[in-house]
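>>> need a 3D model of the sequence below.
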Amino acid sequence: MTEHQETLSGIILDESTTLSLNELSGACEVQVDLIVALVEEGIIEPLESRTVEWQFPATQLPRVRKAMHLYHDLELNLAGVALALELLDEVSELRSRLRQLESSF
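As a prediction, this is how the structure comes out:
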């Protein structure tokens, strides 16, 4: 019996890491045009909107992936994706506040 071992590799992304438009597009496996549409819809924001080459904080990566899940798998349009993400952010914030309140009692 032969055991198959698989090696995984990755890059650790923190708050100081930035991704270019092409890097973000590649990491999320989506077209650059779709990332641009996410910016235009206000779903994600580049660090500086006036620069020639947009840079995004690496912390935007999970948000883009979640947006793509909503867009592709649930077939929401981009306005629907923006609304769903806003509501999910609000639920997360409310849960965090509730945990803080519960821990203070």
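
>>> going by C-alpha atoms from here, please, whenever you check contacts or count neighbours.
Will do.

>>> what residues sit buried inside stretch 60-73?
Residues of stretch 60-73 classed as buried: 60-61, 64, 67-68, 70-71 (neighbour count, 16 or more other CA atoms under 10 Å).

>>> by contact count, what packs against the helix or strand where residue 91 lies?
Secondary structure here is read from DSSP states H and E; on that basis residue 91 sits in helix 78-103. Contacts of helix 78-103 with other secondary structure elements, assessed using 3 or more CA pairs under 8 Å, 6 or more residues apart in numbering; DSSP states H and E, are made with helix 61-68.

>>> show me how far the helix it packs on is from its chain's centre.
Using CA atoms, centre = their mean, to the nearest Å, the distance from the centre of helix 61-68 to the centre of the chain it belongs to is 3 Å.

>>> check stretch 15-23 too.
So, by CA atoms, centre = their mean, the centroid of stretch 15-23 is 12 Å from its chain's centroid.

>>> buried residues, it. List them.
By 16+ other CA under 10 Å, the buried positions in stretch 15-23 come out as 18-19, 21-22.
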